[in-house]
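[1] what shape does this take:
(chains A, B and C)
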Amino acid sequence: MAAGSARQSRVDEGELRALNPGELPTATIALAKFLLGKILVRDSAPGRVAGRIVETEAYPPGDEACHARSGRTPRNASLFLPTGHVYVYRAYGISMMLNIASEIGGVGAGVLIRALEPIAGIDIMRRRRGIEAVYRLTRGPGCLAQAFSIDPTLDGTVYAPGNALWFADDGVPASRIGSSVRIGITRNADRRWRYFVRGNRWVSGPARLNADP
DNA sequence: TGAAAGATTCGCT
DNA sequence: GCGAATCTTTCAG
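    The predicted model follows:
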């Protein structure tokens, strides 16, 4: 855990470079790939938690699987905001999902954050999740939302450095990026719009989707 | 006003 | 590996 500790101290000391919203690609699929390897930071009362993004899914404009497919409703309104806005919703009555709106606004598209590799605040995440195993803290979209205390009050807020939720770059590029079909959807199920870091232990989904080609 | 579906997780076999 | 739990939102009648 020596390497993990070193990275943790950098995060705690704020030596990360915060990403400005303007640095995010607006194109949905480009954003999904861009976010891999970046660091998600959540500041709240118990302290800071942070993790490296290792799995995303793109829901581009016109995608039949996207929540925006039937037009704008109170629930999905945040998807129609410009790139960098936060879209949070509850799935299956139990799991919160964290998305980042994409495009220039008005069209309804976004990127789902599916998995993170924990970097800082691991004890806080353990407490929130009620489990000890580090490799299960943030594996899967509902799990990471719980570990990061993602709640509906974040829905519709703008991402910006200094806010409760922000992105950072520590200069470590994501390597060995893989793609696959998206998980848990029925429409447009053949589109390979899921992206992940190959070989990373925190990537969710069935093993056959994560295997080398 | 009622019914069905859903970007999941967890536990048990 | 499979199936139940769980509840909000949306659409149809």
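[2] and the residue of chain A closest to DNA strand B?
    Closest approach between chain A and DNA strand B, counting by Cβ to the nearest atom of the strand: A:Gly184, at 1.6 Å. To be clear about C-beta, it is placed using only N, CA and C from the backbone, and glycine gets the same treatment.
[3] count the residues that sit near A:Pro82.
    Applying other Cβ atoms under 10 Å, we find 15 residues neighbouring A:Pro82.
[4] can you tell me the closest non-neighbouring residue to it?
    A:Gly105 (3.7 Å; Cβ to Cβ, 6 or more residues apart in numbering).
[5] surely the one you found meets A:Phe80?
    Yes. Counting by Cβ atoms under 8 Å, A:Phe80 is a contact partner of A:Gly105 at 6.5 Å.
[6] these two: which has the busier surroundings?
    Neighbour comparison, A:Gly105 and A:Phe80: the larger count goes to A:Phe80, with 20 against 15 (by other Cβ under 10 Å).
[7] show me which residues of chain A are close to DNA strand B?
    A:57, A:59, A:65-67, A:79, A:87, A:90-95, A:97, A:99, A:110, A:112, A:129, A:136, A:140-143, A:182-187, A:204 (Cβ under 7 Å from any atom of the strand).
[8] returning to that earlier point: so what's the residue count around the residue of chain A closest to DNA strand B?
    A:Gly184, neighbours per other Cβ under 10 Å, totals 12.
[9] so it versus A:Arg136, what's the distance?
    To A:Arg136, A:Gly184 is 18 Å away according to Cβ to Cβ, to the nearest Å.
[10] let me know the secondary structure of the closest residue to DNA strand C within chain A.
    Residue nearest to DNA strand C within chain A (Cβ to the nearest atom of the strand): A:Gly93, separated by 2.4 Å. Of the three states, A:Gly93 takes coil under DSSP: H, G, I helix; E, B strand; the rest coil.
[11] pLDDT (mean, whole number) over the lengthiest strand in chain A?
    Ranked by residue count and defined by DSSP state E, the top strand of chain A is strand A:47-59. The average pLDDT within strand A:47-59 is 97.
[12] mind listing what it pairs with, with the direction of each?
    Strand A:47-59 sits in its sheet next to strand A:39-44 (antiparallel), strand A:110-120 (antiparallel), strand A:194-197 (antiparallel), going by DSSP bridges.
[13] take the ones you listed and write them to CSV, including distance to A:Arg17, mean pLDDT and mean neighbour count.
    Formatted as CSV, the strands paired with strand A:47-59 follow (distance: least, Cβ to Cβ, whole Å; pLDDT from 0 to 100; neighbours: other Cβ atoms under 10 Å):
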stretch, distance to A:Arg17, mean pLDDT, mean neighbour count
strand A:39-44, 10, 96, 21
strand A:110-120, 15, 97, 26
strand A:194-197, 20, 97, 24
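[14] now render these as JSON lines, adding distance to A:Arg208.
    Listed next are the strands paired with strand A:47-59 as JSON lines, based on distance: least, Cβ to Cβ, whole Å:
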{"stretch": "strand A:39-44", "distance to A:Arg208": "27"}
{"stretch": "strand A:110-120", "distance to A:Arg208": "17"}
{"stretch": "strand A:194-197", "distance to A:Arg208": "13"}
